[in-house]
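S.K.: would you be able to build a 3D model of this:
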Amino acid sequence: MKKLTYFISSLFFVALITSFFLIVLISESFTYRNFEKFADKPLNQIKNTFYNSGKIQNTYNTQSNTYVSYYSSGITERKGQWVENHQKGEFKQYYASGKLWNDFNYDSSGKKEGVQLSYHTNGNIALKGTWVNGKCTGKLIRYFKNGQIKSTANYVDGNIDSSSYIEYFQY
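M.R.: Numbers count the residues shown, from 1 in each chain. Take a look at the predicted model:
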(Lines give C-alpha, C1' and ligand atoms only; values in the text may rest on other atoms or scores of the structure.)
Protein backbone atom coordinates (compact mmCIF):
# COMPACT_ATOMS: atom_id res chain seq x y z
CA MET A 1 0.00 0.00 0.00
CA LYS A 2 2.89 2.32 0.82
CA LYS A 3 4.40 1.73 -2.65
CA LEU A 4 1.06 2.50 -4.30
CA THR A 5 0.85 5.78 -2.36
CA TYR A 6 4.37 6.76 -3.46
CA PHE A 7 3.48 5.79 -7.04
CA ILE A 8 0.29 7.90 -7.04
CA SER A 9 2.15 10.78 -5.38
CA SER A 10 4.87 10.54 -8.05
CA LEU A 11 2.26 10.53 -10.83
CA PHE A 12 0.56 13.55 -9.29
CA PHE A 13 3.90 15.36 -9.06
CA VAL A 14 4.74 14.53 -12.71
CA ALA A 15 1.26 15.67 -13.80
CA LEU A 16 1.67 18.88 -11.82
CA ILE A 17 5.09 19.62 -13.38
CA THR A 18 3.81 18.72 -16.86
CA SER A 19 0.81 21.02 -16.40
CA PHE A 20 3.09 23.82 -15.27
CA PHE A 21 5.28 23.47 -18.40
CA LEU A 22 2.18 23.23 -20.59
CA ILE A 23 0.82 26.46 -19.10
CA VAL A 24 4.19 28.19 -19.65
CA LEU A 25 4.31 26.88 -23.22
CA ILE A 26 0.79 28.10 -24.00
CA SER A 27 1.50 31.44 -22.33
CA GLU A 28 4.73 31.92 -24.33
CA SER A 29 2.94 31.01 -27.56
CA PHE A 30 0.17 33.51 -26.80
CA THR A 31 2.72 36.25 -26.07
CA TYR A 32 4.56 35.53 -29.35
CA ARG A 33 1.35 35.69 -31.34
CA ASN A 34 0.35 38.97 -29.70
CA PHE A 35 3.77 40.43 -30.45
CA GLU A 36 3.49 39.36 -34.10
CA LYS A 37 0.01 40.84 -34.36
CA PHE A 38 0.73 44.22 -32.79
CA ALA A 39 4.40 44.86 -33.59
CA ASP A 40 5.22 47.87 -35.77
CA LYS A 41 6.84 45.54 -38.31
CA PRO A 42 5.31 42.11 -38.71
CA LEU A 43 7.63 39.20 -38.00
CA ASN A 44 6.59 37.31 -41.12
CA GLN A 45 6.98 39.67 -44.08
CA ILE A 46 6.53 37.03 -46.79
CA LYS A 47 3.05 35.66 -47.41
CA ASN A 48 2.64 32.69 -49.76
CA THR A 49 -0.33 30.91 -51.32
CA PHE A 50 -0.01 27.48 -52.87
CA TYR A 51 -1.54 25.34 -55.59
CA ASN A 52 -3.09 22.02 -54.51
CA SER A 53 0.11 20.39 -55.80
CA GLY A 54 2.06 22.23 -53.11
CA LYS A 55 3.86 24.57 -55.54
CA ILE A 56 3.85 28.30 -54.78
CA GLN A 57 1.09 30.23 -56.55
CA ASN A 58 1.74 33.74 -55.16
CA THR A 59 4.37 35.40 -53.00
CA TYR A 60 3.67 38.76 -51.36
CA ASN A 61 6.21 40.80 -49.39
CA THR A 62 4.29 42.88 -46.85
CA GLN A 63 7.22 45.22 -46.26
CA SER A 64 7.94 46.22 -49.88
CA ASN A 65 4.38 45.52 -51.16
CA THR A 66 5.81 43.47 -54.03
CA TYR A 67 4.25 40.31 -55.37
CA VAL A 68 5.06 37.52 -57.78
CA SER A 69 2.47 35.13 -59.23
CA TYR A 70 3.50 31.80 -60.72
CA TYR A 71 2.04 29.38 -63.24
CA SER A 72 1.44 25.88 -61.85
CA SER A 73 4.66 24.88 -63.66
CA GLY A 74 6.62 27.23 -61.35
CA ILE A 75 7.39 29.79 -64.07
CA THR A 76 6.74 33.45 -63.19
CA GLU A 77 3.37 34.68 -64.51
CA ARG A 78 3.51 38.32 -63.37
CA LYS A 79 5.22 40.55 -60.87
CA GLY A 80 4.69 44.03 -59.60
CA GLN A 81 3.84 46.14 -56.61
CA TRP A 82 0.43 46.41 -54.92
CA VAL A 83 -0.16 49.46 -52.71
CA GLU A 84 -3.45 50.67 -51.21
CA ASN A 85 -5.64 48.41 -53.40
CA HIS A 86 -4.00 49.21 -56.74
CA GLN A 87 -0.94 48.53 -58.86
CA LYS A 88 2.03 50.88 -58.51
CA GLY A 89 5.33 51.08 -60.35
CA GLU A 90 6.71 48.58 -62.81
CA PHE A 91 4.51 45.66 -63.87
CA LYS A 92 5.68 42.67 -65.89
CA GLN A 93 3.62 39.79 -67.22
CA TYR A 94 5.03 36.60 -68.75
CA TYR A 95 3.90 33.83 -71.09
CA ALA A 96 3.81 30.28 -69.70
CA SER A 97 7.09 29.74 -71.55
CA GLY A 98 8.73 32.37 -69.32
CA LYS A 99 9.15 34.96 -72.08
CA LEU A 100 8.09 38.55 -71.39
CA TRP A 101 4.56 39.40 -72.54
CA ASN A 102 3.80 42.89 -71.13
CA ASP A 103 6.00 45.55 -69.58
CA PHE A 104 4.51 48.82 -68.30
CA ASN A 105 4.23 51.15 -65.31
CA TYR A 106 1.53 52.44 -63.02
CA ASP A 107 1.64 55.84 -61.32
CA SER A 108 1.08 56.33 -57.59
CA SER A 109 -2.72 56.40 -58.05
CA GLY A 110 -2.80 53.11 -60.02
CA LYS A 111 -3.13 54.50 -63.56
CA LYS A 112 -0.96 53.36 -66.47
CA GLU A 113 1.88 55.78 -67.03
CA GLY A 114 4.71 55.85 -69.56
CA VAL A 115 5.65 53.50 -72.39
CA GLN A 116 3.90 50.14 -72.62
CA LEU A 117 5.54 47.33 -74.52
CA SER A 118 3.83 44.04 -75.36
CA TYR A 119 5.63 41.14 -76.98
CA HIS A 120 4.76 38.18 -79.19
CA THR A 121 5.69 34.69 -78.02
CA ASN A 122 8.79 34.82 -80.25
CA GLY A 123 10.08 37.90 -78.36
CA ASN A 124 9.34 40.48 -81.07
CA ILE A 125 7.43 43.61 -80.08
CA ALA A 126 3.64 43.29 -80.54
CA LEU A 127 2.57 46.76 -79.33
CA LYS A 128 4.23 50.00 -78.34
CA GLY A 129 2.38 52.98 -76.92
CA THR A 130 2.52 55.73 -74.34
CA TRP A 131 0.06 56.25 -71.49
CA VAL A 132 -0.50 59.46 -69.55
CA ASN A 133 -2.83 59.50 -66.55
CA GLY A 134 -4.18 56.07 -67.52
CA LYS A 135 -5.01 56.99 -71.11
CA CYS A 136 -3.25 56.14 -74.34
CA THR A 137 -1.65 59.30 -75.73
CA GLY A 138 0.36 59.78 -78.90
CA LYS A 139 1.29 57.13 -81.44
CA LEU A 140 0.27 53.51 -80.82
CA ILE A 141 2.03 50.97 -83.04
CA ARG A 142 1.06 47.29 -83.43
CA TYR A 143 3.42 44.79 -85.01
CA PHE A 144 3.12 41.42 -86.73
CA LYS A 145 5.06 38.50 -85.26
CA ASN A 146 7.80 38.96 -87.86
CA GLY A 147 8.43 42.55 -86.66
CA GLN A 148 6.69 44.39 -89.51
CA ILE A 149 4.27 47.18 -88.58
CA LYS A 150 0.64 46.00 -88.49
CA SER A 151 -1.07 49.32 -87.71
CA THR A 152 -0.46 52.81 -86.40
CA ALA A 153 -2.82 55.32 -84.86
CA ASN A 154 -2.63 58.54 -82.90
CA TYR A 155 -4.45 58.89 -79.60
CA VAL A 156 -5.44 62.05 -77.77
CA ASP A 157 -6.44 61.69 -74.13
CA GLY A 158 -7.37 58.03 -74.64
CA ASN A 159 -9.40 58.57 -77.82
CA ILE A 160 -8.26 57.45 -81.24
CA ASP A 161 -7.92 60.00 -84.01
CA SER A 162 -9.65 57.84 -86.63
CA SER A 163 -8.15 59.83 -89.50
CA SER A 164 -4.67 58.79 -88.32
CA TYR A 165 -5.36 55.04 -88.33
CA ILE A 166 -3.29 53.14 -90.89
CA GLU A 167 -3.39 49.37 -91.29
CA TYR A 168 -0.62 47.53 -93.10
CA PHE A 169 -0.63 44.13 -94.74
CA GLN A 170 1.97 41.53 -94.05
CA TYR A 171 4.23 40.63 -96.95
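
S.K.: confirm residue 91 sits in a strand?
M.R.: Yes. If the criterion is DSSP: H, G, I helix; E, B strand; the rest coil, then residue 91 is within a strand.

S.K.: so what's it closest to, chain neighbours aside?
M.R.: residue 80 (4.0 Å; CB to CB, 6 or more residues apart in numbering). Placement of C-beta: from N, CA and C, glycine included.

S.K.: beta partners for that neighbour?
M.R.: residue 67 (DSSP bridges).

S.K.: please list all residues in contact with it.
M.R.: By CB atoms under 8 Å, 6 or more residues apart in numbering, the contact list for residue 80 reads 66-67, 87-92, 106.

S.K.: again with residue 148
M.R.: 168, 170-171.

S.K.: and the most centrally placed residue in the chain, how close does it get to residue 155?
M.R.: Central residue of the chain (CA atoms, centre = their mean): residue 67, 2.5 Å from the mean position. From residue 67 across to residue 155, the span is 30 Å (CB to CB, to the nearest Å).

S.K.: in contact with residue 93, which residues?
M.R.: 77-78, 100-103 are the contacts of residue 93 under CB under 8 Å, 6+ apart.
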